[in-house]
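In: build me a structure from this.
(one chain, ligands or ions: 2)
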Amino acid sequence: MSLTAVLDEPGFTAFPAPAKLNLFLHIVGRRADGYHLLQSVFQLVDVHDTIYLRLRDDGQVVHHNPMSGVPADTDLTVRAARLLQSKLSANHKFGVDIRVEKRLPMGGGMGGGSSDAATVLLALNRLWNLHLSRSDLMALGLQLGADVPFFIFGRNAFVEGIGEIMTEIETPERLFVVLHPQVHVSTPEIFKDPNLTRDTPSIKVRDLEGAVTRNDLERCAVQKYPEIGRHLDYLNQFAPARMTGSGSCVFAEIASQTEVDAVLFGLLESINGFAVKTLSRHPLYEYADN
Ligand SMILES: C[C@](O)(CO)[C@H](O)COP(=O)(O)OP(=O)(O)OC[C@H]1O[C@@H](n2ccc(N)nc2=O)[C@H](O)[C@@H]1O
Ligand SMILES: Nc1ncnc2c1ncn2[C@@H]1O[C@H](COP(=O)(O)OP(=O)(O)OP(=O)(O)O)[C@@H](O)[C@H]1O
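Out: Numbering: from 1, shown residues only. Ligands and ions are numbered 1, 2, ... in the order given. As a prediction, the model looks like this:
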């Protein structure tokens with residue numbers, strides 16, 4: 001079915017699922033269960049997937065356009081809806097039809113799947129009249145992925161722990177160019193790399209300004225996927241470039257819209273890029289009770 005048909009189908013409501021950039025990402029330790037302790041600034045940006053939801057009254061969760069390689073039952077949107085159903089009474093009738101308009105690069109380090117899941121939790125919290133608190137939704141979200149709690153938190157944040165400890169921070173309005181190397185990075189593979197350094201000294205949120213930062217995952221990702229290095233080199237011609245999350249996307253702050261346009265206009269044919277602007281809040285911020 002074409003996207004136009006999807007949008008024309010009655011009864012669906014659209015909910016945005018924005019992306020994030022990790023402005024830096026330090027690995028400061030490792031837990032006994034293998035998960036890594038990190039410190040990072042997570043920045044919401046204005047590119048997004050769109051999740052279309054339509055209520056059902058038969059208790060079923062149905063994904064209408066699963067992506068190739070991601071069976072419906074494993075899609076994070078379906079898993080999020082089913083997880084939320086576990087908070088309903090045993091004989092509930094709440095179900096939902098789901099369609100996903102995917103725009104965010106998968107395996108791109110921009111949190112696409114996590115944000116899709118967070119949007120489903122936020123939207124259904126309201127549509128199913130659950131009124132769960134933000135912190136309850138964040139705890140549920142952590143069961144789906146380390147980045148999900150951030151999107152439910154809904155503000156730019158200094159993030160610690162494995163991704164569940166958040167301190168709101170003010171970040172300036174900025175423009176970035178993001179390049180998307182055509183490689184799919186496996187997050188577990190990068191975290192497992194024996195060459196990964198896991199001992200970057202912790203910093204305090206009050207020392208963020210002026211701190212020297214980097215993405216500790218970048219070196220391993222570039223070693224495994226040289227295309228990421230090529231994209232970093234390309235973007236470094238214009239401004240200091242860095243990888244987001246476990247890759248593959250790389251980004252650089254560009255001073256003005258005119259310069260952004262110039263960078264994108266001049267892109268090599270073999271390089272995919274797009275512009276993003278910072279967001280100060282998640283568009284569905286009000287959907288969780290504080
Ligand atoms: C690197 C980041 O993208 C930063 O935003 C995230 O922390 C990764 O979040 P994510 O893609 O939602 O990852 P998850 O699905 O939770 O975890 C994938 C795998 O990455 C590793 N992992 C993830 C997060 C973390 N703090 N330590 C880890 O070691 C684990 O092997 C885990 O099995
Ligand atoms: N709705 C979804 N959207 C994208 N990926 C999904 C979804 N549901 C499940 N997945 C699986 O999750 C994997 C990671 O997807 P995602 O796009 O979130 O990666 P990412 O941007 O690298 O995330 P992060 O920044 O959190 O590491 C995909 O390769 C896919 O197998």
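In: please make it C-alpha for all contacts and neighbour counts, starting now.
Out: OK.
In: show the pLDDT at Leu3.
Out: pLDDT, Leu3: 48.
In: interface residues of the stretch 151-290 of the chain facing ligand 2?
Out: Proximity of the stretch 151-290 of the chain to ligand 2, by Cα under 6 Å from any ligand atom, involves residues Thr187, Gly245, Ser246.
In: return the residues in contact with the first one.
Out: By Cα atoms under 8 Å, 6 or more residues apart in numbering, the contact set of Thr187 is Gly107, Ser246.
In: against Cys220, how distant is it?
Out: 11 Å (Cα to Cα, to the nearest Å).
In: equivalent analysis for Glu173, please.
Out: Glu173 is 30 Å from Cys220, by Cα to Cα.
In: what ranges does this structure have for its strands?
Out: Here the chain has its strands, by DSSP state E, at 13-30, 36-56, 61-63, 95-101, 157-160, 165-168, 175-179, 241-243, 250-254, 273-277.
In: mind checking if the third one is in reach of ligand 2?
Out: No: with Cα under 6 Å from any ligand atom as the measure, strand 61-63 is seen stopping short of ligand 2, the closest distance being 10.3 Å.
In: helices and strands around that strand, which ones?
Out: Contacts defined by 3 or more Cα pairs under 8 Å, 6 or more residues apart in numbering; DSSP states H and E place strand 61-63 against helix 76-85, strand 95-101.
In: need the contact list for Ile165.
Out: Contact partners of Ile165, counting by Cα under 8 Å, 6+ apart, are Val159.
In: would you mind measuring from Tyr225 to ligand 2?
Out: 14 Å (Cα to the nearest ligand atom, to the nearest Å).
In: next, count neighbours for that residue.
Out: Number of residues near Tyr225 (other Cα atoms under 10 Å) recorded here: 18.
In: for the residue nearest to it when sequence neighbours are not counted, give its distance to Val45.
Out: Of all residues not flanking Tyr225 in the chain, Val183 sits nearest, at 7.4 Å (Cα to Cα, 6 or more residues apart in numbering). Counting by Cα to Cα, the gap from Val183 to Val45 is 22 Å.
In: over to Ser115?
Out: In this view, Ser115 and Val45 are 12 Å apart by Cα to Cα.
In: pull up the overlap in contacts between those two.
Out: With Cα under 8 Å, 6+ apart, Ser115 and Val45 have common neighbours Pro18, Ala19.
In: returning to what we had before: so which of the residues of the stretch 151-290 of the chain next to ligand 2 is the closest to ligand 1?
Out: Gly245 (3.9 Å; Cα to the nearest ligand atom).
In: does Glu173 touch Lys277 like I think?
Out: Yes: judged on Cα atoms under 8 Å, Glu173 makes contact with Lys277 at a distance of 7.4 Å.
In: so Val250 makes contact with Thr244?
Out: Yes: the pair Val250 / Thr244 is scored as a contact, 5.9 Å apart, by Cα under 8 Å.
In: up against ligand 1, what does the protein have?
Out: Going by Cα under 6 Å from any ligand atom, the residues of the chain near ligand 1 are 34-37, 109, 114, 145-147, 162-163, 187-188, 191, 245-246.
In: can you turn the buried part of those into a ChimeraX selection?
Out: In ChimeraX syntax, the buried subset of the residues of the chain next to ligand 1 is picked out as below (16 or more other Cα atoms under 10 Å):
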select :36,37,109,114,145,146,147,162,163,187,191,245,246
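In: between Ser115 and Val45, tell me which one has more neighbours.
Out: Comparing Ser115 with Val45 by other Cα under 10 Å, the one with more neighbours is Ser115, at 29 against 23.
In: so how far is ligand 1 from the closest residue to that one other than its chain neighbours?
Out: Using Cα to Cα, 6+ apart and skipping the chain neighbours, the partner closest in space to Ser115 is Ala17 (5.3 Å). To ligand 1, Ala17 is 14 Å away according to Cα to the nearest ligand atom.
In: so who does Ala17 touch?
Out: His48, Asp49, Thr50, Ile51, Gly112, Ser115, Asp116, Ala118, Thr119.
In: same deal with Arg214?
Out: Going by Cα under 8 Å, 6+ apart, the list of residues near Arg214 reads Phe24, Leu25, His26, Arg242.
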